[in-house]
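>>> Here is the input, now give the coordinates:
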Amino acid sequence: MIKALFQNTFGPAPSVTGFTPGRVNLIGEHTDYNGGWVLPTALTLGVSLAIAPRTDGRIRIRSDKFEGLAERRMDDRAADHWSDYIVGALQRARADGFGPNGADVAVMTTLPFGAGISSSAAVTVGTLRCARDLTDQNQSNTEIAVLARQVENDFIGMPCGIMDQMAVAISSPGQALSLDTKTLDYALIDLPETHHMAVIHSGVFRQLNEGRYKIRKEECDAVKAALGHDDLCLMSDAEFEGLSTLDASLIRRARHALSEHRRTVLATAALKAKRMTEFGGLMNDSHASMRDDFEITVPAVDALVADAQRFGATGARMTGGGFG
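Residues are numbered from 1 along each chain as shown. You can find the predicted model right below:
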């Protein structure tokens, strides 16, 4: 289908195609920019891309989700447009010594936007991988993920961590990615066949670059300044107690980062051992921490989690950056 969209738009066949999955985070929220662990898993939903190189600096992009053809250039800045992630990824690839000087691109996605399942990371990683394949380069998927994060941080202006990019670049459906975001060491864990993981869309949309996510990142940075190091998730109990002079909201942010990292370590061990009742309890505790300490949930999501628990879910929690 992606080849057909490309050819119907541009005429010739694409030079390369690729698919990148979305992801859902099982546990470990807002730990990835604070030195902690995360535990995402890939979805069967994702983003398909088809690309042919150009040499004139032009970027033409056709999406199955938007009307018309996006006409951009390789030296464009972010314009708060749906095509920004592709433009930024092509710029990053070119600056890093691979990728074309312009491209024709077709993109199709089964991922809903603003749903906390990494549609932006899938587009960015997918574009970088296609650019790599165009020039037959040998960047690893971890290196691609690092570059994709740079696109979001530096081009888009979204101060995200590395979890989303690593999850969609490395894991496959049916696998959880146990990732140490400080070292980028990881292990893949098969999900149990005894339980189903259901992902429910709340219907409340948000964009990660709309401001509130950035505020939480800045609050964590303020705690890091008080600590004197960047590994908020790895602070000792004594270091946490030493934060008592900070504003109460900053103490709550720090408590979430510390406790969420520790929950993720325990949840990883529980998943490996197939102790799903323990895993579910940690999911429930994670949601409470996001609601009460990090304050990133919304009433509709809290209600979905409460209903899931009431109707018998082993564990339930919000996933994604928050605020929808």
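>>> from here on, contacts and neighbour counts on C-alpha atoms
Fine.
>>> So what's the gap between whatever helix or strand L250 lives in and the chain middle?
Here L250 sits within helix 248-272, counting by DSSP states H and E. Per CA atoms, centre = their mean, to the nearest Å, the displacement of helix 248-272 from the mean C-alpha position of its chain is 18 Å.
>>> One more: stretch 61-77?
22 Å.
>>> how about low-confidence regions in the stretch 201-324 of the chain?
206-210 (pLDDT under 70).
>>> All the helices of it, in order from the start?
212-227, 237-241, 248-272, 276-292, 299-310 (DSSP state H, counting those that start in this stretch).
>>> Tabulate those in a markdown table, adding columns for mean neighbour count and distance to T142.
As requested, the helices of the stretch 201-324 of the chain are exported to a markdown table (neighbours: other CA atoms under 10 Å; distance: least, CA to CA, whole Å):
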| stretch | mean neighbour count | distance to T142 |
| --- | --- | --- |
| helix 212-227 | 16 | 23 |
| helix 237-241 | 12 | 32 |
| helix 248-272 | 21 | 21 |
| helix 276-292 | 20 | 27 |
| helix 299-310 | 16 | 32 |
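>>> Please tell me I have it right and A316 contacts A288.
No - judged on CA atoms under 8 Å, A316 makes no contact with A288 at a distance of 10.2 Å.
>>> picking that back up, can you list the helices of the stretch 201-324 of the chain in a markdown table and add distance to S120?
Shown next, in a markdown table, are the helices of the stretch 201-324 of the chain (distance: least, CA to CA, whole Å):
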| stretch | distance to S120 |
| --- | --- |
| helix 212-227 | 15 |
| helix 237-241 | 34 |
| helix 248-272 | 24 |
| helix 276-292 | 22 |
| helix 299-310 | 21 |
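>>> can you tell which of these is closest to V24?
Nearest to V24, of all the helices of the stretch 201-324 of the chain, is helix 276-292, at 13.1 Å by CA to CA.
>>> Just the CA atoms of that closest one, as CSV, please.
What follows is helix 276-292, C-alpha atoms only, in CSV (Å, rounded to 0.1, in the frame of the first residue of the first chain):
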residue,chain,number,x,y,z
MET,A,276,2.0,-11.0,36.8
THR,A,277,0.1,-10.2,40.0
GLU,A,278,3.2,-8.4,41.3
PHE,A,279,3.6,-6.7,37.9
GLY,A,280,0.1,-5.5,37.9
GLY,A,281,0.4,-4.1,41.4
LEU,A,282,3.4,-2.1,40.3
MET,A,283,1.4,-0.7,37.4
ASN,A,284,-1.3,0.4,39.8
ASP,A,285,1.3,2.1,42.0
SER,A,286,2.8,3.8,39.0
HIS,A,287,-0.5,5.4,38.0
ALA,A,288,-1.0,6.7,41.5
SER,A,289,2.4,8.3,41.4
MET,A,290,1.8,9.9,38.1
ARG,A,291,-1.5,11.2,39.3
ASP,A,292,-0.5,12.5,42.8
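>>> what residues are up against the closest residue to E260 other than its chain neighbours?
Leaving aside its chain neighbours, E260 sits nearest to G28 (5.8 Å; criterion: CA to CA, 6 or more residues apart in numbering). The contact partners of G28, taken as CA atoms under 8 Å, 6 or more residues apart in numbering, are G36, W37, V38, L39, E260, H261, R263, T264, S286.
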